[in-house]
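Asker: Sharing a model that was predicted from the sequence below.
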Amino acid sequence: MSHPRSQLLVRPVTAADADLLLEWANDPLTRAASFHPDPIDRSGHLRWLAARLGSPWTGFWIGEIEGVPVGQARVEVDERGVGEVSISVAPEARGAGTGRALLAAALGEARRTLPVTVFLARVRPENERSLALFRDAGFVPRGEEDRAGIPCLELWLG
């Protein structure tokens, strides 16, 4: 893997990224941290991805370091301007500050390209790494809810 101080750049996701995104999404740690922990099938994933790529309300990026994909970040904006953030780091890139760089780059792109006024992250309470990532980026916990029967914390960034 590349040096942790190498610059992370983001590029828009395309349909050609489908298999890579599916591989990352079905990583056991990623599934365990999600609100729908069952493995994702390819046909459902392709339909989901096509809908995201076709939406002007969704920003979806792959983070790369020296041309190597290291993770994905997505922001989906609702009619109120709330941009819900989703992020995952490739298993081989975890623990090197990749998530921080990817989140910062994605938030910058979202502010530049989407009608977002505030960001929202929903995180399972036991997902300490994700909670720390969002808190370090300035997100503030502001409530709890159930999501698909699973408790989650809501963190907001103005």
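Answerer: Received it, and whenever you're ready, just let me know what you need.
Asker: And the next helix or strand past the lengthiest strand in the chain?
Answerer: Longest strand in the chain, counting residues (DSSP state E): strand 68-77. For strand 68-77, the following helix or strand on the C-terminal side (DSSP states H and E) is strand 82-89.
Asker: Check which helices and strands that next one sits against.
Answerer: For strand 82-89, the elements it packs on are strand 68-77, helix 98-113, strand 118-123, helix 128-136, judged by 3 or more C-beta pairs under 8 Å, 6 or more residues apart in numbering; DSSP states H and E. Where C-beta positions appear, they are placed from N, C-alpha and C, glycine not excepted.
Asker: tell me which helix or strand of the chain sits lowest on mean pLDDT?
Answerer: Here the helix or strand of the chain ranked lowest by mean pLDDT, DSSP states H and E is helix 28-33, holding a mean of 84.
Asker: ok, and what's touching that one?
Answerer: Outside helix 28-33, the residues that touch it by C-beta atoms under 8 Å, 6 or more residues apart in numbering are 24-25, 37-39, 88, 91, 124, 127, 130.
Asker: repeat that with 7 Å
Answerer: 24, 37, 39, 88, 124, 127, 130 (C-beta atoms under 7 Å, 6 or more residues apart in numbering).
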